[in-house]
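**Student:** below: sequence and its predicted model.
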Amino acid sequence: MRIAPTRIPFVLLVTSLTIASSAQSLVLPAQASARARSIVRRMTLDEKIEQAHGISDDTHFRFVPALPRLGIPSLRVTNGPAGAGPTGAGPQPRATALPAPIALAASWDPELSKQYGAVAAREALSLGSNLLESPDINIARIPQGGRVFEGYGEDPFLVGRIAVANIEGIQSTGMMANVKHYAANNQESDRHTINEIVPERALHEIYLPAFEASIKQGHVASLMCAYPRVNGAYNCENAPLLRDILRQDWHFDGFVTSDFGAVHSTIPSITAGLDLELPTGKFLGASLKQAIETKQLPESALDDMLVRRFTKMIEMGWFNPQHKTSPIAVAADGAISRNIAEQSMVLLKNEGHLLPLNSKQIHTLTLAGPFAVSAMTGGGGSSNVIPLYTIQPADGIHSKLDSHARFHLFDGYDLAATVKMAKSTDVAIVMVGDNEVEGSDHTIELPEAQTQLIEAVAAVNPHTIVVIKSGSAVLMPWLSKVAAVLEAWYPGEEDGDAVANILFGKTNPSGKLPLTFPQSVDQTLAANPDQFPGNGKSVEYSEGLQVGYRAYQQKAVQPLFPFGFGLSYTTFAFSDLSIAPRDDSSTNVEVRFRITNTGSVPGKEVAQLYLTFPDIAEGNEPPHQLKGFQKISLAPGESKSITLKLDERALSYWSVSSHSWAHANGEFGVSIGNSSANTPLQTSFRLR
């Protein structure tokens, strides 16, 4: 089937909303807490119970009602990992569809993450909300995970850096962020009941650090407890996670909300540290009132729950008189979405320097595939955003061609017609991908029809470019047969223009993989059903610290593409590595080096620092761990000096014997490069 390309109009209309918003408040925590306690003291028991859970009816969802008598505002929740998503009851409003969060992680750029968070928050404010359920920072333990597209990849350090910046962007607007899903929510299979058996060391070194950073560095206002059980207890009543680690060890001063329907008890949930049940009060409604009236639970426990939430809302200005906000800035936010999409795309192969395409040299072009005829704005489920507009792939490609060029568009289902045309054109672009959605895990193989399309087109056209729009890693049995591969992720509403700007060189690709692409399913944990997806009742995290690239390097296994990998239209050189101090008791180490753009066009490179630990009596760390990175922009021939710092935590491991972080003494190896598998600069230092 041949489809004629049509330009979809760029819609700039949005309904002006007269709703409340908040500017960042300067209320100090102690003052906010005192005010919150004063308010709670004046509440009746019934009023307190009503504030402990959400309500759901024909007009309300993701909603806790206001209490005007005491000046308590309503809590209005918007889902937000990929932009302003579902809000209350009724039709979901439109908003800017940002690139998938996994794409944001591929930018390796905290500044872009701040912009991303600010856009989502501003638009959620315009839609009437004051709590944004974002970011989703669960580790991509397996590429088959159904919500990998919603998170930031497989490495806790990268996830933490992107998460903290995202939270800062969200909360700079006055919106309260809600980091999720705490903890180890790493698969969709049996997610409501599965018991995840996670070793203590892996829990603290892999699955918790990004949450800790979100609290200690990002100062996130709230946290969502997840569906699964961890080491026997459901997350929303898991005292070791909520009470001991979150409150006591990390000193979290925000409030804890439940994932929707993730509460399984009344008293255990409250005593563990849950503050708010969503979406309704199955356990923190009538059951809570009965527990208090029968003296099974002191009313002071309910008071503390409300004080924690009210304190944070007061700190962030939500108990103050509100001001009206402006409508969504459609064009401006769309431009930010496009820039993030471009900075996130990862060039995986570019044989013979086929890319960037030169429009003056292209007389005929075939664009084919299911993701060529329809924009891929994002994944499915609760994070889905209904875009204000979309730029179609065909429109983006067509806009880059000279007027004399002939352009042919196929959906790829008529394979014979597609191949016949591709054989006679200068370049063939095949756009393929997946459709990941919350609630189910997925295969990492492309559909057979897409694989056949790629192989058939590549067989007749040596200038075949594959553009992948996926939310996770995909297998590529056809890789050797094509000239170029671009991982575009889910690009958001600016799909067409963002992809075209990369392919035609308006933007030099600079994205790096935030997760490893395997050569086969056998290289993933799915090769062992006990490790994924489990037996329906429990799943064993018996791989311990060997998650993602750590496992590949520990086992000396070659992936398809390594963590941190990504090509450019220019080249870079690393040099002049130095380190200070080299032999000291100091736990603050500075690593310095230079990067030079040795090519002919401007570009951006991500410098990555990997650390190798000395031998540890309790068990060695993986061979390499990401402990620092920085993205820099360089003109042709330009050099810049980079300094990356290693602090005490970077040089520590979790000791199971002492149940705490411990210093590793001895010789540390330092590796500098542009991926986990390419580190041309090597040195070491000794920690005494």
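**Tutor:** Okay, I see it. Fair warning: this is a prediction, and the values are worked out from it, not measured in the lab.
**Student:** check contacts around L306.
**Tutor:** 36, 40, 43, 48, 51-52, 275 (CB atoms under 8 Å, 6 or more residues apart in numbering). In this view, the C-beta of every residue, glycine as well, is placed from N, C-alpha and C.
**Student:** quick one: which of those is nearest to I139?
**Tutor:** D275 (24.7 Å; CB to CB).
**Student:** which of the contacts of L306 fall within strands?
**Tutor:** Taking DSSP state E, every one of the contacts of L306 sits outside strands.
**Student:** how about the host helix or strand of A210: buried residues?
**Tutor:** Applying DSSP states H and E as the criterion places A210 in helix 209-216. Buried residues in helix 209-216, counted by 16 or more other CB atoms under 10 Å: 209-215.
**Student:** phi, psi for L125 please.
**Tutor:** phi -60, psi -40 (degrees, to the nearest 10).
**Student:** report the residue ranges of every domain in the protein.
**Tutor:** Each domain of the chain is listed here as a residue range: 20-317, 330-527, 570-687, per automatic domain parsing.
**Student:** now the stretch 1-150 of the chain, which segments are flagged as low pLDDT?
**Tutor:** For the stretch 1-150 of the chain, the stretches with pLDDT under 70 are 1-26.
**Student:** verify the stated contact: Q296 with I267.
**Tutor:** Yes. If you go by CB atoms under 8 Å, Q296 and I267 touch, sitting 6.2 Å apart.
**Student:** more neighbours, those two?
**Tutor:** I267 (15 against 11; other CB atoms under 10 Å).
**Student:** contacting residues around that one?
**Tutor:** I267 touches 291, 296-297, counting by CB under 8 Å, 6+ apart.
**Student:** can you convert these into TSV and add a column each for distance to Q608?
**Tutor:** Conversion of the contacts of I267 to TSV gives the following (distance: CB to CB, whole Å):
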residue	distance to Q608
A291	52
Q296	53
L297	50
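**Student:** dump those to a markdown table, plus pLDDT, secondary structure and distance to Q343.
**Tutor:** Shown next, in a markdown table, are those (pLDDT from 0 to 100; DSSP: H, G, I helix; E, B strand; the rest coil; distance: CB to CB, whole Å):
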| residue | pLDDT | secondary structure | distance to Q343 |
| --- | --- | --- | --- |
| A291 | 98 | helix | 51 |
| Q296 | 97 | coil | 54 |
| L297 | 98 | coil | 50 |
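**Student:** quick one: buried residues of stretch 537-548?
**Tutor:** Of the residues in stretch 537-548, 538-541, 543-548 count as buried by neighbour count, 16+ other CB under 10 Å.
**Student:** now, the residues you listed that are in strands?
**Tutor:** Filtering those for strands - DSSP E - leaves 538-540.
**Student:** what's the closest of the buried residues of helix 209-216 to E590?
**Tutor:** A213 (20.7 Å).
**Student:** that closest one against L158, yeah?
**Tutor:** No. A213 is beyond contact range of L158, at 10.9 Å (criterion: CB under 8 Å).
**Student:** burial count for the nearest residue to L297 once chain neighbours are set aside?
**Tutor:** Using CB to CB, 6 or more residues apart in numbering and skipping the chain neighbours, the partner closest in space to L297 is A291 (4.2 Å). Look at A291: counted by other CB under 10 Å, it has 20 neighbours.
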